[in-house]
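J.: What shape does this take:
(4 chains, ligands or ions: 6)
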Amino acid sequence: MNPTLPLRADARVAENRCEGGANHRLRLAIDGWPGARPGHFVMLSPGARGAAPRFDPLLPRPMAVYRTLPGAVPEIEVLYKATGRGTQLLAEARAGECVRVVGPLGVPFALPERGQRALLVGGGTGIASLYELASQARARGPVAVLLGARSAGDLMGADDFAALGVELRVATEDGSRGRRGLVTELLEAALAEPGPTAVVYACGPTPMMRRAGEIAAAHGARCEVSLENRMACGFGVCLGCAVPRADGTIALVCRDGPVFDAAAVGWANVP
Amino acid sequence: MNPTLPLRADARVAENRCEGGANHRLRLAIDGWPGARPGHFVMLSPGARGAAPRFDPLLPRPMAVYRTLPGAVPEIEVLYKATGRGTQLLAEARAGECVRVVGPLGVPFALPERGQRALLVGGGTGIASLYELASQARARGPVAVLLGARSAGDLMGADDFAALGVELRVATEDGSRGRRGLVTELLEAALAEPGPTAVVYACGPTPMMRRAGEIAAAHGARCEVSLENRMACGFGVCLGCAVPRADGTIALVCRDGPVFDAAAVGWANVP
Amino acid sequence: MSAVDTRVNLGGIALRNPVLTASGTFGYGGEFAPFFDLEQIGGIVAKSLTLEPRQGNLPPRIAETPAGMLNAIGLENVGVDAFIAEKLPALSAGVAVVASVFETEIDRYAEVCKRLTGAPKVVGLEINASCPHVKSGGIEFGQRAEVLAQLVRATRQATSLPLLVKLSPNVTDIREMAKVCEGEGADALSLVNTLQALDVDVATRRPVLRNVLGGLSGPAIRPVALRMVFQASRAVKLPICGIGGIMTAEDAVKFLICGASAVQVGTANYLNPMAALEVARGIAAYASAQGFARVADLVGSIELPR
Amino acid sequence: MSAVDTRVNLGGIALRNPVLTASGTFGYGGEFAPFFDLEQIGGIVAKSLTLEPRQGNLPPRIAETPAGMLNAIGLENVGVDAFIAEKLPALSAGVAVVASVFETEIDRYAEVCKRLTGAPKVVGLEINASCPHVKSGGIEFGQRAEVLAQLVRATRQATSLPLLVKLSPNVTDIREMAKVCEGEGADALSLVNTLQALDVDVATRRPVLRNVLGGLSGPAIRPVALRMVFQASRAVKLPICGIGGIMTAEDAVKFLICGASAVQVGTANYLNPMAALEVARGIAAYASAQGFARVADLVGSIELPR
Ligand SMILES: Cc1cc2nc3c(=O)[nH]c(=O)nc-3n(C[C@H](O)[C@H](O)[C@H](O)COP(=O)(O)OP(=O)(O)OC[C@H]3O[C@@H](n4cnc5c(N)ncnc54)[C@H](O)[C@@H]3O)c2cc1C
Ligand SMILES: Cc1cc2nc3c(=O)[nH]c(=O)nc-3n(C[C@H](O)[C@H](O)[C@H](O)COP(=O)(O)OP(=O)(O)OC[C@H]3O[C@@H](n4cnc5c(N)ncnc54)[C@H](O)[C@@H]3O)c2cc1C
Ligand SMILES: Cc1cc2nc3c(=O)[nH]c(=O)nc-3n(C[C@H](O)[C@H](O)[C@H](O)COP(=O)(O)O)c2cc1C
Ligand SMILES: Cc1cc2nc3c(=O)[nH]c(=O)nc-3n(C[C@H](O)[C@H](O)[C@H](O)COP(=O)(O)O)c2cc1C
Ligand code: FES
Ligand code: FES
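T.: Ligands and ions are numbered 1, 2, ... in the order given. Next comes the predicted model:
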């Protein structure tokens, strides 16, 4: 559960740079930031950044807290792809400008038990949810990070993971980096390897997470996934981010997740 | 009448800088710019400047062509005050970005007859409509530019006028530059001076222009004013910029103006 | 600023200031406790309640539109009993709660009203008339004068609390609906609910919402909402709570000027969980700057051309 | 792209592509000659015409709103005779012109239709039913089924040209109005006109428009317009011309997917005088990219959840 109360802050852009293609890295200085646990996210309002209020695009965008950089004024990093209207606007924010932040939000990942092997499976922007998890899981047992992307240029944050000293395996659909294929194939292979009990964490496109859950289940491993869904508020009041559970009841991604046990998700109706 | 057909262009921002307070100077490079006559204006779309289409604010803003800088790719300068939502957004445009321009538009000022004395009365952002007129009127006869502002810091373009070598008189409401008082008082004084027939050109707040027209009429001088009104299109199709003429008929500021004979304006219903 | 009297009366509900939060945009209130003290705004309107707990629609339930958003949540809520047993006690004593009610049958509406009457902190009821009336073939209760009259009559009889009726904007003439409510004994009107709307994704050619149709809210609809408040306030004597696209204090002031006695902040709560507080403070600042001693004096202060 | 057949038929009007310009946003056409060749779009709908020339309202007539604009131009136009004598001849021969008609009385509507019938370049008439009906106390012609029926009947008798009826969105049920038009022999529907709205300036407490009420257009209203097109296209067999907030080809495609056979670009012409051309090109590009051989195959291609 979330031990830290969310705050609403006008964060100052410390840095916002393109890392090739649509990939961007945003560093935000947030007075009073209470810290975040692996899997927490924030809501960022790109439209609120200028001097005059503008309401198109209207809604804030959910973004994983990639990592927290402690300091007198704590900073958080966010890795994002500028693809739609809101994220492209976010990419225009310059150092010194303000971006409204609400967070930290959501239910974080449960760290592996001591001695367990953590297999982190990331695809697309989902990779951004896994960095803090990789960092903290290291103290519990072996960690392997399996990253997938369309091609090498799309890959986010791979160097940061490498710098953590965790095992890094990459698959790209065009073979331009690592193995050619899907990241779920890396997971199959990793689970087939002998070793301690594995626990799987997956974040990325819905079909990838669903498949990761199936593979984990086939190997008797627990699997946590961090779901994505459209969000208006991020803190449980709009009821917009509902997804069905496997038992047919409704869960809110922002409040009951974004991290769910893969086996508890009603995958057929996850958008 | 307007001899140049308007064009629609994605102008490139060559420079956009704050000149103190809300005053800004924008230089736009426009491929194929056909040139402008004194009093012409353009419609600038601040909202269209980013990569992703955003429609708040929606409408383009009418802005006088302050001056044209000829060259392989001609440039125009626009002086503006960033006060509302659109102009504040315009102030965020950086060199290299695109701003949509439609223009040149409108009916320009009629230059003075040879030997006439031109008295140019400018207040607030209206000053921006008078620079090219001052420049071109010099060849016809003596030119005096009378500028008014709340205080010295609000004054736009005074140095440029001074550099033209025309006579410059300033009035500020707080006396921080030139005479303390209204620019229309400078006009009264100037018209009382002996000399060749005067023709008055005024651009600024409606009450100022109306008063300038009255003063000119009292001295038997012709007076042209450049009206402001809300505009959606700038080229005569929305019918949004209507103002009544003195005879009760309706004129369009963008098509029949913005320059009108002060005596022909139905001032009581000019917004 | 401290000189301004911010109190207003909304159909018998005395509010410390004119800012409420709109139903469905503020949860059951407690979700906002991390952000500000709810006693600093006029009150909250809770998510609409049905007799039984309800699950709502499958996703996608929301989408963004130009300066607005679409939603089709369905009737998801904890049900009236859980609201009384769990949600109300979680709020601090000084929070004024207006409970919102929607149902698919008139007698069920009335039953929910009965259960809410007397519940602590509940200072009034808001009847959400934008719910599809199953018996009329899916048309909203608030879209047919006869059906609306029956609804107001039944709920009026079911409660002694101040009764607000929240009208649908999807009507030809809002004045007609306002008069129906006045005639049946409503104490105030809440104007407006969302505009019925639709959007599609051109990549998939599918509606952006699983429910196909949804409700449009946010700044996009504000000029329509203002028009309806203006029209209704001239058609009936009932006080009006203005709703629709209020993002800033300036927006709220527009509703007061057009004849609303109070306002509700809706979609803005999502983008800015402190929006309602900022609106409340900004209204007082505006009144003070404009020389109004009482916020109530702003109500209906529009200056029409002669 | 050249492979895509862009032709559509709108109630008997054969259009080279589905993009028209909306009445009141394109003048009489000639104003756009500096920007592009009008023969590259499907056609133009000219500013609505009355029997006599009219002056319209005093300023302010327009204002900006979130992702939209308000207007109350009044009935300003050159009058039907000057349109035929001066405006039509100024257009090049290949431009398809739909003449729009509005009036305050039904017999005057019919008379304008008669005069336009047979005028060169005029390929159809659009009846603007969003005009206040003086005899009904200011309610719009398109807001009352009986009045609308009389209007369509009278104008239908007055012309042999394809007859489009442009409906007001300010109604409870657009399907009812669509059926009235179908029953009275209209050839197509144009959906929608502006939403009735209001805004005030908090500094002066005055309405932003001299006319107090105005019509809301632009992207803000697009989801409402799309919903009405979707509903009407399932209620009647008439082809529909979709209008409301179309800024880009993607927006136009949404209307086609929801059941419109053609579209009109309105407010976008103000911000971008080449908007209609860009929309026309973009629709063809979309159809091509999605593998549609004919733009007409997009019409009503929405994929509804089962
Ligand atoms: C808990 C969570 C954490 C996330 N973390 C990251 C991250 O660290 N980095 C990153 O790049 N992306 C992340 N995403 C996805 C990110 O929110 C979307 O890519 C983004 O909202 C798209 O906005 P846009 O303006 O580019 O697209 P638009 O197409 O303009 O978006 C329109 C609307 O749809 C919503 N939307 C579109 N795609 C998504 C999506 N995939 N998930 C949720 N809402 C969506 C938008 O928020 C907006 O409301 C996360 C999503 C969730 C739910
Ligand atoms: C022919 C003409 C030439 C102009 N030249 C200049 C110039 O060179 N420099 C300059 O700074 N200003 C000039 N103006 C005024 C300028 O257009 C407005 O200051 C500007 O539109 C305000 O936009 P905003 O976003 O700051 O205000 P907002 O309050 O956001 O504007 C809201 C709406 O009202 C309109 N509006 C507000 N004020 C005015 C106004 N005074 N005139 C017309 N429309 C207005 C806006 O265009 C917009 O549609 C000119 C106006 C006209 C008509
Ligand atoms: C996601 C969402 C859920 C809503 N749920 C309700 C509801 O349960 N009951 C109700 O009366 N109104 C509901 N509304 C409507 C709002 O209370 C409000 O009337 C509307 O959104 C317009 O105001 P706004 O533009 O400020 O949001 C909901 C609105 C949204 C956006
Ligand atoms: C300034 C203005 C004037 C208009 N005049 C007319 C008109 O004369 N006749 C008419 O049928 N519609 C008129 N309209 C409505 C448009 O044709 C169109 O239906 C509406 O604006 C919605 O489309 P849009 O959002 O693309 O602008 C006018 C709209 C505007 C903004
Ligand atoms: S995003 Fe609002 S409830 Fe989850
Ligand atoms: S601004 Fe559109 S007609 Fe003048």
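
J.: Show me which residues of the stretch 151-271 of chain A sit near ligand 1.
T.: The stretch 151-271 of chain A comes close to ligand 1 at residues A:228-231, A:258, as judged by Cβ under 6 Å from any ligand atom. For every residue, glycine as well, the C-beta is placed using N, CA and C.

J.: and the residue of the stretch 201-306 of chain C found nearest ligand 6, which of the three is it?
T.: For the stretch 201-306 of chain C and ligand 6, the shortest gap (Cβ to the nearest ligand atom) falls at residue C:223, measuring 19.6 Å. Three-state assignment for residue C:223 (DSSP: H, G, I helix; E, B strand; the rest coil): helix.

J.: And the one 10 residues further on, by the same measure?
T.: At residue C:233, secondary structure determined by three-state DSSP is helix.

J.: For residue A:1, give me the pLDDT.
T.: According to the prediction, residue A:1 has pLDDT 41.

J.: For the stretch 1-150 of chain A, just list every one of the helices.
T.: All helices of the stretch 1-150 of chain A, identified by DSSP state H, counting those that start in this stretch, fall at A:85-91, A:131-137.

J.: Mean pLDDT and distance to chain B for those - can I get that in CSV?
T.: Formatted as CSV, the helices of the stretch 1-150 of chain A follow (pLDDT from 0 to 100; distance: least, Cβ to the nearest Cβ, whole Å):
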stretch, mean pLDDT, distance to chain B
helix A:85-91, 92, 4
helix A:131-137, 96, 27
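
J.: Same list (the ones you listed) but as a markdown table, adding mean neighbour count and distance to chain D.
T.: As requested, the helices of the stretch 1-150 of chain A are exported to a markdown table (neighbours: other Cβ atoms under 10 Å in any protein chain shown; distance: least, Cβ to the nearest Cβ, whole Å):
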| stretch | mean neighbour count | distance to chain D |
| --- | --- | --- |
| helix A:85-91 | 22 | 12 |
| helix A:131-137 | 22 | 35 |
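
J.: Would you mind telling me which of the ones you listed is nearest ligand 2?
T.: helix A:85-91 (18.3 Å).

J.: Which residues does the closest one contact?
T.: With Cβ atoms under 8 Å, 6 or more residues apart in numbering or on different chains as the test, helix A:85-91 has contacts from A:16, A:18, A:24, A:26, A:44, A:46-47, A:49, A:57, A:59, A:61, A:80-82, A:99, B:50-54, C:64.

J.: how distant is that helix from the center of its chain?
T.: Put simply, helix A:85-91 sits 18 Å off its chain's centre (Cα atoms, centre = their mean, to the nearest Å).

J.: Over to stretch A:218-229?
T.: Relative to its parent chain, stretch A:218-229 has a centroid offset of 14 Å by Cα atoms, centre = their mean.

J.: how about the residues of chain C near ligand 1?
T.: Counting by Cβ under 6 Å from any ligand atom, chain C sits next to ligand 1 at residue C:64.

J.: Quick check: the gap between the residue in chain A that ligand 2 sits nearest to and residue C:254.
T.: In chain A, no residue comes nearer to ligand 2 than residue A:52, which is 7.3 Å away by Cβ to the nearest ligand atom. The gap separating residue A:52 from residue C:254 is 17 Å, by Cβ to Cβ, to the nearest Å.

J.: from memory residue C:172 sits against residue D:174, does it?
T.: No. Using Cβ atoms under 8 Å, residue C:172 is not in contact with residue D:174, being 10.5 Å away.

J.: Between these two, point out the one with more neighbours.
T.: Each of residue C:172 and residue D:174 has its neighbours counted (other Cβ atoms under 10 Å in any protein chain shown); residue D:174 has more, 26 against 21.

J.: How about the contacts made by that one?
T.: By Cβ under 8 Å, 6+ apart, the contact list for residue D:174 reads D:167, D:191-192, D:228, D:231-232, D:235.

J.: just curious, which of the residues you listed is nearest to residue C:219?
T.: Nearest to residue C:219 among the contacts of residue D:174, counting by Cβ to Cβ, is residue D:192 at 19.7 Å.
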